[in-house]
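Chemist: 3D model of this:
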Amino acid sequence: MKKAENVHKTDLPEVRWKNPNLLLGAIRRDIEPAYKGEEYKLDEQFALDTMQRYYDTWAPYEQKVLAAMCELTGLRFRQNIIDVYVAPFYNSFSDPLFLATKYESDRVVEVLAHELMHRLLTDNTDNHYLASFSDEWRKMFGDEHTWNTLVHIPVHALMQGVFEEYVKEPGRIVRDKHEYENYPDYKAAWDYVEQVGYKTIIAKLRGAHYPPPKE
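Modeler: Coordinates of the predicted model:
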């Protein structure tokens with residue numbers, strides 16, 4: 001198991017919020033036609049306003065959350081700049097990093113932390129970014145899980161460690177679990193974390209070795 005290390009702010013990436021204007025153009029062309037008759041705001045100003053309120057909420061947490069996930073895992077981000085886009089119609093995902101426009105401002109702290117944890121676990125300076133992470137996680141956590149549950153077990157364990165130990169806001173974990181009550185794969189990941197314990201899972205992550213992809 002790796003020795004815990006304090007993380008200096010110079011080790012952390014910049015989370016850079018990007019104007020999604022080009023993305024909105026692609027959405028209007030390729031996705032919006034499927035939603036005719038429904039009301040969606042696709043103008044650039046709406047996207048920028050959403051991005052601003054997300055940024056205002058996230059900014060005070062950024063360095064503490066990033067440092068906490070690095071300290072808990074012993075990993076460092078491969079990229080020193082991580083671009084974040086805000087886009088309607090999409091669900092949030094980690095690479096490239098998109099945030100849906102549907103969230104209340106305060107909820108974005110958990111959502112963005114969640115996506116950044118996916119990024120850290122699969123694109124860090126210790127491992128090849130094409131390594132078979134899910135293969136190793138099946139060995140750690142069991143082969144019975146769906147893929148979506150499997151990849152969220154380490155993320156949810158980190159969420160609990162970050163927000164309970166470092167940020168000292170356990171209510172965010174209560175809310176995160178509640179938000180996923182009706183999403184079986186995500187709920188199963190939280191159930192596993194509760195059963196096994198987030199500290200046990202994080203210890204396994206810290207001792208993990210991921211073989212590089214075969215040439």
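Chemist: Show me the shaky parts of this protein.
Modeler: Judged by pLDDT under 70, the chain has its weakly predicted residues at 1-5, 25, 28-42, 89, 215.
Chemist: wait, is Val15 part of a strand?
Modeler: Yes. With DSSP: H, G, I helix; E, B strand; the rest coil as the criterion, Val15 is part of a strand.
Chemist: Which residue lies nearest the spatial centre of the protein?
Modeler: Taking C-alpha atoms, centre = their mean as the criterion, Glu115 is the residue nearest the geometric centre of the chain, at 1.5 Å.
Chemist: Surely it forms part of a helix?
Modeler: Yes. Read with three-state DSSP, Glu115 is one of the residues of a helix.
Chemist: contacting residues for it?
Modeler: With contacts taken as C-beta atoms under 8 Å, 6 or more residues apart in numbering, Glu115 has the following neighbours: Ser92, Phe93, Ser94, Leu97, Leu99. In this view, the C-beta of every residue, glycine as well, is placed from N, C-alpha and C.
Chemist: One more: Tyr54?
Modeler: Under the criterion of C-beta under 8 Å, 6+ apart, the contact partners of Tyr54 comprise Trp17, Val86, Leu99, Tyr103, Ser105, Val108, Leu112.
Chemist: Just the ones of those in strands?
Modeler: Trp17, Val86, Leu99 (DSSP state E).
Chemist: host element of Asn6?
Modeler: Assigned by DSSP states H and E, Asn6 falls within no helix or strand.
Chemist: Next, format the contacts of Tyr54 as CSV and append neighbour count and distance to Glu62.
Modeler: Below are the contacts of Tyr54 laid out as CSV (neighbours: other C-beta atoms under 10 Å; distance: C-beta to C-beta, whole Å):
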residue, neighbour count, distance to Glu62
Trp17, 17, 11
Val86, 28, 16
Leu99, 24, 14
Tyr103, 20, 17
Ser105, 14, 15
Val108, 22, 12
Leu112, 24, 9
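Chemist: can you pull out the strands in the protein?
Modeler: Going by DSSP E, the chain shows strands at 14-17, 81-86, 93-94, 97-99.
Chemist: Serialize those strands to JSON lines and add fields for distance to Gly171.
Modeler: JSON lines is the format used below for these (distance: least, C-beta to C-beta, whole Å):
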{"stretch": "strand 14-17", "distance to Gly171": "23"}
{"stretch": "strand 81-86", "distance to Gly171": "24"}
{"stretch": "strand 93-94", "distance to Gly171": "24"}
{"stretch": "strand 97-99", "distance to Gly171": "21"}
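Chemist: To Gln52, which of those lies closest?
Modeler: Across the strands of the chain, Gln52 has its closest neighbour in strand 14-17 (8.4 Å, C-beta to C-beta).
Chemist: May I have that closest one as CSV, with CA atoms only?
Modeler: C-alpha atoms of strand 14-17 as CSV (Å, rounded to 0.1, in the frame of the first residue of the first chain):
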residue,chain,number,x,y,z
GLU,A,14,-6.7,23.6,-13.1
VAL,A,15,-10.4,23.0,-13.7
ARG,A,16,-11.1,25.3,-16.7
TRP,A,17,-14.7,26.1,-17.6
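Chemist: other SSEs contacting that strand?
Modeler: For strand 14-17, the packing partners by 3 or more C-beta pairs under 8 Å, 6 or more residues apart in numbering; DSSP states H and E come out as helix 44-58, strand 81-86.
Chemist: so which of these comes closest to Asp123?
Modeler: The nearest among the helices and strands packed on strand 14-17, by C-beta to C-beta, is strand 81-86 at 9.4 Å.
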